[in-house]
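[1] this one's structure only:
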Ligand code: RAM
């Protein structure tokens, strides 16, 4: 791995402190007794991230056998009825927020060592003995976030639905704001490049923790893959270490995230210092093109995320993402007065755009992806964001997708964020607002306190992991409404 200690020190000095708060369940429960086989569900009333302490005593005879308990933490109530033993997916079951504990001596105070993301806690007495009942005396959580609630930008708009969507989006972001911007506090609890970019955008409009974004950019630039590629994600503990996962799109999106940060903060020093890292991502991505100027097909490209639709071919979306990030690099180079570099990048952009227009489009104007010429929403959206088509032509392209039921759909709020962005970029603000209402509003209508990692209204039980029990229901890449409502739809 390529480490830049100076960058890492700079990041460490900027990382935020955590705010702690004690919270208690809203459910009346103090003194409730449980017999073997009984359970109690506690509702904390909102989503929290934190550490939990439980106090138990007993009634009846002196306990002559341990209390054997199962504790289940859930972000949504529906998780409580899922059975961990039935999950055989490809992501570790270690993420499931469930413990079994034995208490040998009562009364007892148990502080659980893990940090949980939850609104609900279910306590189930798997077994006691018939000579005593377990008494739940007190349950409390010490919650953590680095977001400063007092600094949150209000959103007043005389539209209760939009206000609620905004509040849920801000809560999502708040819960994911820990020492770094985590993707989700339930899973994977770390700094992912693609997630960071969208969190940063929402943060600029809400909590405005600019230094935290800066710290994250320095972290990602401070520990890259050996060839200088920004890793897909990074671990903080036990020490800072880039993950060995490489993604075509996430490396490139570093450029866009730096551009966004600089255009909001005008922090020229950071732009200058991180420019070589940004430029390197473009250079590395160039190796993924064939001699026609088209990104290699999905089977040779390596991992390019785009969305959790597992059928998606990534070639055309990757081309659009590349165009988008080269545009961001041009903006950065121009802002830094690097005229020659900006010029070279403009030529590169023009060449790859021309290739996209001549090689990937069909006669209806759709961009098709891969050998099987797949039609997808993701391909059109990223080509619009990449500027391959603009204005009315772009708006027409996005609108005509609606009449194509076989086009591969979007399944994550991450991808739908980019759809909303594309609509706004071609002047379709009303449609963008309608998408915010129907998609994010859809989660609110399903009872969301925080927005989810994945939401496919056509298939609410969808999971890319082989089971919803490991899905995250507070996932920061879904906090788009905090950004779009505040930036474009203030009434
Ligand atoms: C999920 C992570 C993260 C995302 C990656 C690609 O597993 O939680 O949000 O960036 O996938």
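    Perfect, thanks for sending it. What you are looking at is a predicted structure, and each value in this text was computed from that prediction instead of being measured.

[2] next, give phi and psi for residue 67.
    Torsion angles at residue 67 (phi, psi; degrees, to the nearest 10) stand at phi -90, psi 120.

[3] that one - how many residues pack around it?
    Neighbourhood size, residue 67 [other Cβ atoms under 10 Å]: 24. The way it works is simple: take the backbone N, C-alpha and C, and place the C-beta from them, glycine included.

[4] ditto for residue 37
    Neighbour count for residue 37, taken as other Cβ under 10 Å: 10.

[5] and what of residue 9?
    Residue 9: 12 neighbours (other Cβ under 10 Å).

[6] element containing it?
    Secondary structure from DSSP states H and E places residue 9 in helix 5-14.

[7] and that helix, which residues are buried?
    Within helix 5-14, the residues that qualify as buried are 7, 8, 10, 11, 14, counting by 16 or more other Cβ atoms under 10 Å.

[8] go through the residues you listed and name the one nearest the ligand.
    The ligand lies nearest to residue 11 out of these, by Cβ to the nearest ligand atom, at 19.6 Å.

[9] I'd say the closest one and residue 219 touch.
    Yes - contact criterion Cβ atoms under 8 Å: residue 11 and residue 219 qualify, at 4.5 Å.

[10] between those two, which contacts overlap?
    Contact criterion Cβ atoms under 8 Å, 6 or more residues apart in numbering; residues shared by residue 11 and residue 219: residue 240.

[11] Three-state assignment for residue 69, please.
    What DSSP: H, G, I helix; E, B strand; the rest coil gives for residue 69 is strand.

[12] now do the contacts for it.
    Listed by Cβ under 8 Å, 6+ apart, the contact partners of residue 69 are 100, 101, 102, 103, 123, 124, 125, 126, 134.

[13] centre of the chain versus the longest strand seen in the chain, how much separation?
    Criterion DSSP state E: the longest strand present in the chain is strand 39-60. When distances are taken as Cα atoms, centre = their mean, to the nearest Å, strand 39-60 is centred 28 Å away from the chain's centroid.

[14] now do the helix or strand following the helix holding residue 9 against strand 39-60, angle only.
    Per DSSP H and E, helix 5-14 leads on to strand 19-23 as the next helix or strand towards the C-terminus. Our comparison of strand 19-23 with strand 39-60, counting by axes from the mean of the first three to the mean of the last three Cα atoms, to 10 degrees, yields an angle of 70 degrees.

[15] around the ligand, pick out the residues from this structure.
    Listed as neighbours of the ligand in the chain under the rule Cβ under 6 Å from any ligand atom: 183, 184, 188, 192, 194, 195, 305, 477.

[16] what is the nearest of these to residue 94?
    residue 188 (11.1 Å; Cβ to Cβ).

[17] list the residues that contact the residue nearest to that closest one when sequence neighbours are not counted.
    Spatial nearest neighbour of residue 188, excluding adjacent residues (Cβ to Cβ, 6 or more residues apart in numbering): residue 233 at 7.3 Å. Counting by Cβ under 8 Å, 6+ apart, residue 233 touches 183, 188, 190, 191, 192, 193, 242, 243, 245, 250.

[18] now with 6 Å, please.
    By Cβ atoms under 6 Å, 6 or more residues apart in numbering, residue 233 lies in contact with 190, 191, 192, 243.

[19] also residue 87?
    The contact partners of residue 87, by Cβ under 6 Å, 6+ apart, come to 93, 467, 469.

[20] so residue 251 sits right up against residue 229, yeah?
    Yes - at 4.8 Å, residue 251 and residue 229 qualify as touching, with contact defined as Cβ atoms under 6 Å.
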